[in-house]
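Asks: Give me a model of this one.
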Amino acid sequence: MSFWNGLLFVCLFAGGGTLVERSLRTRDSASVLLSLSLMVLGLAEAFEFILSAEFQPFALRGWYFLSQIFFWGVLGAGVVVNLPFERSVKRILLWGVGIGLIAGLALTILTQITVAVNWFAPEQSIFTQYVDLMARNRPTRWLTTLFELGGVGSVMLWMFVRKHAKVSRWVVTMVLGSQMLFWQETIYSRFGENVGDVIHLVGGWLLFLSIWFLTERRKPKSASSSKVGIWLSGLVVAALVGWGYSFRVAHYGDLCLASLTNDSSLFISLSGEDVFSKEFFTSNRPALITLIYKLGGVDPLMRVTAVSRPENKIPLQVYPGLNCITGVQTGVAVFSWSVLVFILVSKLRSPWLRILLPVVVLSFAYLPPLADWDRVIMSESISFSMWALFFGLSVELASRLVEDGQNVRISTWLIFLLWGISMAGYGVARDTNVYMNLLVGVSGVVGLLLPATRKRISVRLLASIALLGLSLFGLQNALLYRSDRWINPFFNNVHVRVLPDSDRTAWFVERGMPTPTPLYAYTNLLGRHDYDRSEINDLLSWTRDQGAGLYTQYLLTHPGWALAIAWKWSAIVFKENLQPYFKPVDDTVTPYDLALGEVLHPRSRLIIGVQLLILLVLGVLAVQEGSDTRIALMMLFSLFFIGELGLLFVSIHGDALGIIRHALVAVMPLRFNLWLFSLFVLDSDLASGVQEL
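Replies: Just a heads-up that it's a prediction; the model follows:
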């Protein structure tokens with residue numbers, strides 16, 4: 001199951017639920033039924049996901065009943081209500097659909113599938129499997145055919161029997177989508193699984209879009225969520241966050257199990273430095289991580305005798321010297337992602353989406369692709385957690401900027417203070433992160449330069465944002481320069497990207513780089529921390545004075561080459577979504593954890609283009625709606641999207657070794673935003689954008 005299926009599920013189930021919720025408030029039975037058909041199709045996707053991970057008889061029954069019987073029955077019923085039939089005829093048809101659905105459920109439950117257990121193969125198309133399974137059950141097959149023909153036939157009839165002389169383009173779109181879903185089984189068997197998957201996805205999207213717009217145009221603009229619904233959804237959200245906490249703490253076994261890597265010994269030993277000394281902030285590792293390890297009671301004298309590598313994974317162990325610092329990392333992660341959930345939920349209008357968002361966000365954060373990093377003694381876990389906290393507080397601050405205007409509340413200044421702390425923590429968790437601080441600072445400056453922004457938003461708050469972002473960037477870069485921890489990455493770039501090319505080598509030599517002959521000898525030492533630096537004093541001196549600046553200059557003056565390298569590696573950095581240092585614990589991690597993690601953490605750079613498209617849609621909807629808060633959130637999402645692309649570029653060019661791990665600072669948020677942006681699009685008010693009735 002690919003992320004395309006996951007995205008389709010989110011839109012069908014979340015979008016369908018949103019439409020059901022709105023249609024119930026307006027008492028539009030046709031819209032309720034059409035919207036319900038989307039939810040049913042989304043649930044069928046969920047059962048198909050279960051079958052892709054592990055065979056379960058109930059999942060096969062559930063998928064068959066939902067996708068082959070229930071969906072077509074509800075879709076047909078929704079269309080029948082729209083048709084200009086006599087009320088008595090509609091009542092008879094609807095009663096017939098209801099009785100047929102009950103019969104279909106009974107037949108599906110009673111169907112024997114013991115034979116299927118013996119030959120079930122997840123790599124086969126689900127249609128290949130169920131055809132043989134149901135071929136022996138004629139009543140089920142006949143009823144299925146009746147519902148399929150009734151559903152697709154009623155949609156076709158709607159296009160010709162209508163109340164208006166003009167055929168709505170969304171009715172035509174609905175016809176195309178239903179036809180694709182009707183014929184997908186035949187296409188699977190004749191043209192193969194790949195073509196069948198495309199037809200399934202396109203058909204699902206067309207049906208979703210058509211029903212979304214056809215039902216949205218019926219919704220009165222005055223319809224709004226009830227206070228009771230919002231309060232109830234708030235209670236459910238709190239319960240979901242509590243359940244997420246218990247799942248994260250209990251599901252993966254002993255929280256003190258840890259994995260040590262090549263970099264772990266430095267984090268451990270540096271935690272013994274005096275926190276008020278200059279060396280603490282200019283050491284060979286980011287200060288925030290060593291500070292947390294120090295506060296967590298890690299023994300700086302602990303000896304690391306064996307480290308785990310991708311080619312030689314060591315099982316997880318409990319190290320007394322770590323004082324269960326992995327439990328601390330887990331606690332920071334749970335706190336940060338919980339704060340993010342509560343903030344994001346408060347920005348949604350739909351109670352239905354308020355309930356679904358915690359499920360999506362916490363599943364993303366608490367499944368192995370992200371949760372496993374909490375066991376690794378490196379900077380990734382804290383960096384991810386600080387991003388979640390920083391992003392969440394950024395959403396809250398952006399909303400308050402437009403809500404408060406020139407009269408900034410005291411609570412907003414408090415949020416600004418917390419936001420500044422989170423931004424500082426995120427910036428010093430990994431050296432690459434500080435470029436997001438730069439982008440925030442530049443954005444604040446741009447806001448100050450625009451007269452319209454100065455009239456709408458407090459100048460003092462904008463100036464504070466700009467000053468804080470730029471100051472943190474300057475301070476962190478000054479500390480980084482004094483730490484010399486950028487020297488090895490620079491050498492790696494010279495070794496991998498400069499020396500193999502004579503033209504690039506000549507460019508650097510012309511600008512003072514030591515002659516290549518001794519430099520070739522030095523390259524064998526790259527990646528080691530124990531070489532004698534006195535052997536390369538001339539190179540070190542040149543590197544400190546000019547090296548990093550000249551490499552940046554080369555990137556700026558050769559943008560084609562720089563972008564080509566970034567494009568090449570962008571495909572590679574998305575290929576992995578699990579940490580490489582230990583195998584998942586078999587008795588705690590289930591096939592469903594891994595399968596769902598595979599969907600939520602896509603291994604394809606295509607998500608960048610998909611996110612760009614979603615952002616464009618979100619921007620158009622925000623402008624049409626005219627909500628200042630929605631426009632501010634759209635701009636914030638765009639800012640983070642641009643920043644993450646920038647971090648991806650910097651990560652790829654910052655060090656020629658270990659790029660996949662280094663690029664996670666950008667890859668993880670890009671994966672997360674795919675789901676977040678989709679939910680906010682579904683929460684948008686589309687009524688103002690629908691002109692055709």
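
Asks: From here on, just use CA atoms for contacts and neighbour counts.
Replies: Will do.

Asks: At which residues are the strands of the chain located?
Replies: Shown for the chain, the strands assigned by DSSP state E span residues 257-258, 317-318.

Asks: Tell me who's in contact with the closest residue to Pro602 other than its chain neighbours.
Replies: Closest residue to Pro602 apart from its sequence neighbours, by CA to CA, 6 or more residues apart in numbering: Phe3 at 5.8 Å. Taking CA atoms under 8 Å, 6 or more residues apart in numbering, we find Phe3 in contact with Glu598, Val599, Leu600, His601, Pro602.

Asks: Repeat that for Leu19.
Replies: Counting by CA under 8 Å, 6+ apart, Leu19 touches Ser31, Val32, Ser35, Trp212, Thr215, Glu216.

Asks: same thing but at 7 Å, please
Replies: Ser35 (CA atoms under 7 Å, 6 or more residues apart in numbering).

Asks: rewinding a little: ranking the contacts of Phe3 by neighbours, who comes first?
Replies: When neighbours are counted by other CA atoms under 10 Å, His601 leads the contacts of Phe3 with 29 neighbours.

Asks: For that residue, list the residues it contacts.
Replies: His601 touches Asn577, Arg671, counting by CA under 7 Å, 6+ apart.

Asks: Distance of it relative to Leu41?
Replies: 23 Å (CA to CA, to the nearest Å).

Asks: In the protein, spot the helix with the most residues.
Replies: helix 628-654 (DSSP state H).

Asks: which strands and helices sit next to it?
Replies: Helix 628-654 is packed against helix 380-404, helix 559-573, helix 606-625, helix 659-662, helix 664-682, with contacts defined by 3 or more CA pairs under 7 Å, 6 or more residues apart in numbering; DSSP states H and E.

Asks: can you put those in CSV and add mean neighbour count, distance to Arg497 and mean pLDDT?
Replies: Output for these, formatted as CSV (neighbours: other CA atoms under 10 Å; distance: least, CA to CA, whole Å; pLDDT from 0 to 100):
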stretch, mean neighbour count, distance to Arg497, mean pLDDT
helix 380-404, 22, 26, 95
helix 559-573, 15, 10, 92
helix 606-625, 17, 26, 92
helix 659-662, 19, 13, 90
helix 664-682, 21, 21, 95
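
Asks: export those to CSV and tack on distance to Val97?
Replies: As requested, those are exported to CSV (distance: least, CA to CA, whole Å):
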stretch, distance to Val97
helix 380-404, 46
helix 559-573, 49
helix 606-625, 37
helix 659-662, 53
helix 664-682, 29
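
Asks: Looking at those, which is nearest to Leu449?
Replies: helix 380-404 (16.4 Å; CA to CA).

Asks: If I take that closest one and helix 628-654, what angle do their directions form?
Replies: 150 degrees (axes from the mean of the first three to the mean of the last three CA atoms, to 10 degrees).

Asks: Could you tell me the angle between helix 380-404 and helix 664-682?
Replies: Going by the same axes, to 10 degrees, helix 380-404 makes 40 degrees with helix 664-682.

Asks: How far away from the center of its chain is helix 380-404?
Replies: Relative to the chain's own centre, helix 380-404 is displaced by 15 Å; criterion: CA atoms, centre = their mean, to the nearest Å.

Asks: same for it, what does it pack against?
Replies: helix 325-346, helix 410-429, helix 628-654.

Asks: 8 Å instead?
Replies: Judged by 3 or more CA pairs under 8 Å, 6 or more residues apart in numbering; DSSP states H and E, the packing partners of helix 380-404 are helix 325-346, helix 410-429, helix 628-654, helix 664-682.

Asks: could I get the ones you listed as TSV with distance to Ser394?
Replies: Shown next, in TSV, are those (distance: least, CA to CA, whole Å):
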stretch	distance to Ser394
helix 325-346	10
helix 410-429	7
helix 628-654	8
helix 664-682	14
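
Asks: out of the ones you listed, nearest to Phe85?
Replies: With distances scored as CA to CA, the stretch of those nearest to Phe85 is helix 664-682 (32.5 Å).

Asks: on that earlier part again, specify which member of the contacts of Phe3 is nearest to Arg22.
Replies: Nearest to Arg22 among those, counting by CA to CA, is Leu600 at 27.6 Å.

Asks: you'd agree the closest one is up against Gly6?
Replies: Yes: with contacts counted by CA atoms under 8 Å, Leu600 reaches Gly6, the gap being 7.3 Å.

Asks: quick one: the helices in the stretch 151-300 of the chain?
Replies: In the stretch 151-300 of the chain, the helices defined using DSSP state H, counting those that start in this stretch lie at 169-191, 193-216, 227-251, 264-270, 278-281, 287-295.

Asks: got the contact list for the third one?
Replies: Applying CA under 8 Å, 6+ apart, the external contacts of helix 227-251 come out as 255, 330, 334, 338, 341-342, 350-352, 354-355, 358-359, 362, 366, 588-589.

Asks: Give me the residues contacting stretch 261-273.
Replies: 279-280, 283-285, 289-291, 293-294, 298-304, 307-309, 376-378, 581.
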